[in-house]
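Q: Predicted model follows, preceded by the sequence.
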Amino acid sequence: MEDLVRATEPVVGYVPAPEGTNPPLDSPGYRSTALRAPHRPALPVPTSLTETTGPVFGLERLGPNDHDLTRQHEGEAVGQRIIVAGRVLDGNGRAVPEALVEIWQANASGRYRHDQDGWRGSLDPNFTGAGRVLTDAEGRYRFVSVKPGAYPWKNHHNAWRPAHIHFSLFGQAFAQRLVTQMYFPDDPLFSQDPIFNAVPDPVARQRLVADYDHDLTEAEWALGFRFDLVLRGRARTPFEDEGGHGLG
Ligand SMILES: [Fe+2]
């Protein structure tokens with residue numbers, strides 16, 4: 001019991017994200033959250049040695065093309081080639097090295113390679129849509145991919161998800177996982193998307209939108225988008241409850 005009490009006490013030096021940064025578990029407009037949002041307060045579970053010292057992914061587990069989603073098959077992936085890069089930072093702007101950054105996304109047609117994705121976007125035999133990389137000593141990560149297409153979903157009439165890439169971050173232990181989505185600048189579908197708009201603070205919401213970066217863009221090759229992830233503090237990136245939404 002003493003452990004439980006200790007787990008709920010604020011951690012010294014920890015700066016929580018300001019109100020409105022994270023979407024509420026039950027977001028009006030985002031229909032399925034009404035069913036899965038917990039109706040009882042969370043129980044604090046003390047972290048034991050297993051969660052903090054258990055094995056995590058290391059460099060040896062990563063394949064040479066895990067960061068390049070356009071080169072995981074024999075042929076070329078279809079679509080606008082993009083580079084997505086940025087840094088993982090803590091609440092004081094310090095780099096977070098060796099964080100496992102994983103992404104998953106739809107292909108250029110907006111279709112996921114997933115049994116439950118039945119919409120009529122075409123599948124691309126040369127694109128799976130999953131990647132992962134470890135941040136370097138400066139907290140940097142970099143992916144090569146294709147720009148995902150928008151896709152329809154049945155949340156409301158004529159509902160379309162803006163183009164987005166799902167991100168998952170693991171820290172030094174598997175118990176430390178954060179999930180969010182990255183969007184592209186100036187997407188006309190933002191206004192009708194209840195997932196994007198579930199982040200109450202409009203300033204925090206904009207942190208989910210990558211910046212086009214011409215320095216990151218490679219001539220004759222790919223457009224560059226910069227997306228930093230901030231784990232804590234006033235500039236924290238909004239994160240979802242674990243798992244993200246239905247089709248992942
Ligand atoms: Fe998605």
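A: Noted; the coordinates are in hand. From a predicted model like this one, the values you see are computed outputs, not experimental measurements.
Q: Give me the mean pLDDT for stretch 206-222.
A: What stretch 206-222 shows for mean pLDDT is 98.
Q: Find me the pLDDT at Gly243, would you?
A: We note a pLDDT of 39 for Gly243 in this prediction.
Q: And for the one 3 residues further on?
A: Confidence per residue is given as pLDDT, and for Gly246 that number is 39.
Q: One more: Gln116?
A: 86.
Q: Tell me where this protein has helices.
A: Along the chain, the segments classed as helices by DSSP state H run 2-8, 33-36, 49-53, 202-206.
Q: okay, now the residue nearest to Leu169 when sequence neighbours are not counted: neighbour count?
A: Spatial nearest neighbour of Leu169, excluding adjacent residues (CB to CB, 6 or more residues apart in numbering): Leu178 at 4.6 Å. C-beta: built from backbone N, CA, C; applies to glycine. Leu178 has 18 neighbours, counted by other CB atoms under 10 Å.
Q: How much space separates Leu178 from His164?
A: According to CB to CB, to the nearest Å, Leu178 stands 16 Å off from His164.
Q: go on, Phe170?
A: Distance, Phe170 to His164, by CB to CB: 20 Å.
Q: more neighbours, those two?
A: Taking neighbours as other CB under 10 Å, Phe170 and His164 compare with His164 leading, 24 against 19.
Q: Tell me the bridge partners for that one.
A: Listed by DSSP bridges, the beta-bridge partners for His164 are Tyr183.
Q: do you know how far it is from Arg236?
A: Distance of His164 to Arg236, given as CB to CB: 19 Å.
Q: Same question for Val78.
A: Noted for Val78: a distance of 35 Å to Arg236, by CB to CB.
Q: quick one: which of those two has more around it?
A: Neighbours were counted for Val78 and for Arg236 using other CB under 10 Å; Arg236 has more, 22 against 15.
Q: List the residues that contact that one.
A: By CB atoms under 8 Å, 6 or more residues apart in numbering, Arg236 lies in contact with Ala17, Pro18, Thr21, Gly91, Ala204, Arg207, Val230.
Q: Next one: it from Phe167, what distance?
A: Look at Arg236 and Phe167: by CB to CB, they are 14 Å apart.
Q: in this protein, which helix or strand is least confident?
A: Least confident helix or strand, the chain: helix 2-8 with a mean of 41, by mean pLDDT, DSSP states H and E.
Q: So which residue is dead centre in the chain?
A: Against the mean C-alpha coordinate of the chain, by CA atoms, centre = their mean, the closest residue is Phe167 at 2.1 Å.
Q: ok, it - contacts?
A: So Phe167 contacts Val101, Glu102, Ile103, Val179, Thr180, Gln181, Met182, Leu229 (CB under 8 Å, 6+ apart).
Q: For the second one, grab the count of nearby residues.
A: By that I understand Glu102. Residues contacting Glu102 under the criterion other CB under 10 Å number 18.
Q: I'd like to know how far it sits from Arg81.
A: Separation of Glu102 from Arg81 (CB to CB): 20 Å.
Q: again with the first one
A: Distance, Val101 to Arg81, by CB to CB: 19 Å.
Q: Please apply the same query to the fifth one.
A: From Thr180 across to Arg81, the span is 23 Å (CB to CB).
Q: of these two, who's got more company?
A: Thr180 (22 against 17).
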